[in-house]
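>>> Got a sequence here, can you build the structure:
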Amino acid sequence: MTPLWTSDEIARATGGSASARFVATGATFDSREVTAGDLFIALSGEATDGHRFLDGAFARGAAGALVSVDTNGPHVRVADTFAALEDLARAARARTDARVIGVTGSVGKTSTKEALFACLDRAAPGEAHRSVKSYNNHTGVPLSLARMPATTRYAVLEMGMNHPGELAHLTTLVRPDVAMVTAIAPAHTEFFPDESAIADAKGEIFQGLEPGGLAIVPFDSPHRDRLIAAARPYAGSIVTFGTDRGADVRPLETMRTASGGTFVTARVGARELSFTVAQPGAHWVSNALAVLAAVDAVGADLAQAGLALAELGGLAGRGARFMAKVGSGEALVIDEAYNANPASMRATLAVLAEEPGRHVAILGEMRELGAASADYHAALAQPILAARVERALLVGEAMAPLATALEGCVEFVHVADAAAALDQLDMVAPGDAVLVKGSNGVGLSRVVAQLAGVS
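Numbers count the residues shown, from 1 in each chain. Modelled structure (predicted):
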């Protein structure tokens, strides 16, 4: 494999000292993910200390380790491994000529990041890089940068936050040429006084823009002007996307396809492009418009991007679909189990509404919504009824207000946790369309696994 870092480069970037020469072809801070040739970064956190897993990392084939204590295997020793990880991230960013795109938002950022990567990888096979999974926080972002090969042509880095000031720091590591906000919605409201404060925190992404960089802003958002104001001091130019006629990137025509996706003719600046979005739902049309704005901004091939969007599959926990064996037949399962907030709940319930068959919703509580949590949960009754849900399984204590709102309207069962939900899956029958969605901490991935027959 192509070398990612030599021990000399790691030592130079971090100010550390190498015990021996080695070459790393990858990097990770999770010893369970170590593969042959990796650099294992031994982070010390509140819950555990990565130095405890050094023997296991070397047993799995780690080429070397980044440590703050002496160890028997090849290593670079530094005073603080977290600071060293950020130093390695800065070095990775400094050595590349890649066009770097930073993505954030209350909803849609991981899906948009994956779609954007698919488009860029199709345009430049093997030369695009992205954050994996949802590595978008204070450790995931620098790791994603540290994993970026020096020869990368395009990079897509996801950035998340749940407190003010977090993005302001992460964006200085990423230093994006293009910075995008997908959408603003109630998420992590426990830590913010209102939605405008969330918009301000998301707008911090623009502070790291490279000189002359481009900001991409959702035109349809009620916080559009606030985001534009946040971008203006840092961006060389600002592009908007959305369904309104005033957006720079907008649909001229949309039509649902037989497979559930959407055929779109869009205006991208002065050009028109017709393409198919494979994933169902109006929110995916919005995601695709943001993707095209970014593809155009970095000078990649828009036609290739359209082909990639037509072939894009669903992500596990974020829209993946499969047929589950149920009794003597099958049921469609829509896996949205990774995350949930009021906006994404409404969007995916709207997707369920378009499916044939009886509609079943397995919904987990939405977390980090603060004092307004009860109101947000109760308000889900309207989109549930609009989606013609006939049976619902509500999971988690915070779902109690929704249970009250649904009484007499929809047949439902309310259970305490995912373990209890596993005992209720006999409510699913052949021919059903089943949506599974909730905050990741609820653990509805276990429900998806049981439906898939892999539990």
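
>>> need the contact list for E158.
V103, T104, K109, T110, K113, R130, S131, S134, Y135, N136, V141, S144 (C-beta atoms under 8 Å, 6 or more residues apart in numbering). Using the backbone N, CA and C atoms, a C-beta is placed for each residue, glycine as well.

>>> let's see 6 Å
Contacts for E158 (C-beta atoms under 6 Å, 6 or more residues apart in numbering) come out as V103, K109, K113, S131, N136.

>>> got it, and K202?
T104, V181.

>>> and it, what element?
helix 195-203 (DSSP states H and E).

>>> Could you report the distance from the residue most central in space within the chain to A433?
The C-alpha lying nearest the average C-alpha coordinate of the chain belongs to T110 (C-alpha atoms, centre = their mean; 1.9 Å). Here T110 is placed at a distance of 23 Å from A433 (C-beta to C-beta, to the nearest Å).

>>> what's the answer for I205, then?
36 Å.

>>> In terms of neighbours, single out the busier of those two.
Set side by side, I205 and A433 give different neighbour counts by other C-beta atoms under 10 Å, the larger being at I205 (28 against 23).

>>> Am I right that that one sits in a helix?
Yes - assessed with DSSP: H, G, I helix; E, B strand; the rest coil, I205 lies in a helix.

>>> dump the residue contacts of it.
I205 neighbours (C-beta under 6 Å, 6+ apart): G102, T104, L167, T171, A179.

>>> If we use 10 Å, what do you get?
With contacts defined as C-beta atoms under 10 Å, 6 or more residues apart in numbering, I205 is in contact with 102-105, 159, 161, 167-168, 170-171, 174, 176, 179-181, 215, 227, 230-231, 234.

>>> Relative to S31, how far out is it?
Applying C-beta to C-beta, the value for I205 to S31 is 31 Å.

>>> T110 now?
For T110, the distance to S31 - C-beta to C-beta - is 24 Å.

>>> T182 too?
Distance of T182 to S31, computed by C-beta to C-beta: 33 Å.

>>> ok, these two, which is more surrounded?
T182 (27 against 22).

>>> now V76, nearest residue through space, not along the chain?
G16 (4.3 Å; C-beta to C-beta, 6 or more residues apart in numbering).

>>> Report how many residues lie close to that neighbour.
22.

>>> do H414 as well
18.

>>> show me the residues around it that make contact.
Contacts of H414 by C-beta under 10 Å, 6+ apart are 392-397, 399-400, 402-404, 406, 420, 424.

>>> Sort out for me which of the contacts of E158 are in helices.
Among the contacts of E158, the ones falling in helices (DSSP state H) are K109, K113.

>>> Can you give me every residue that contacts L145?
27, 85-86, 88-93, 96, 100, 129, 131, 155, 157, 170, 173-175.

>>> Next step: those residues restricted to strands.
Counting by DSSP state E, the contacts of L145 place A27, V100, H129, A155, L157 in strands.

>>> What distance do you get for F322 to L451?
F322 is 8 Å from L451, by C-beta to C-beta.

>>> Common neighbours of the two, please.
Shared contacts of F322 and L451 (C-beta under 10 Å, 6+ apart): A331, V333, D335.

>>> wouldn't the second one be in contact with S445 here?
Think V333. No - the criterion here is C-beta atoms under 10 Å, and V333 misses it with S445 at 12.0 Å.
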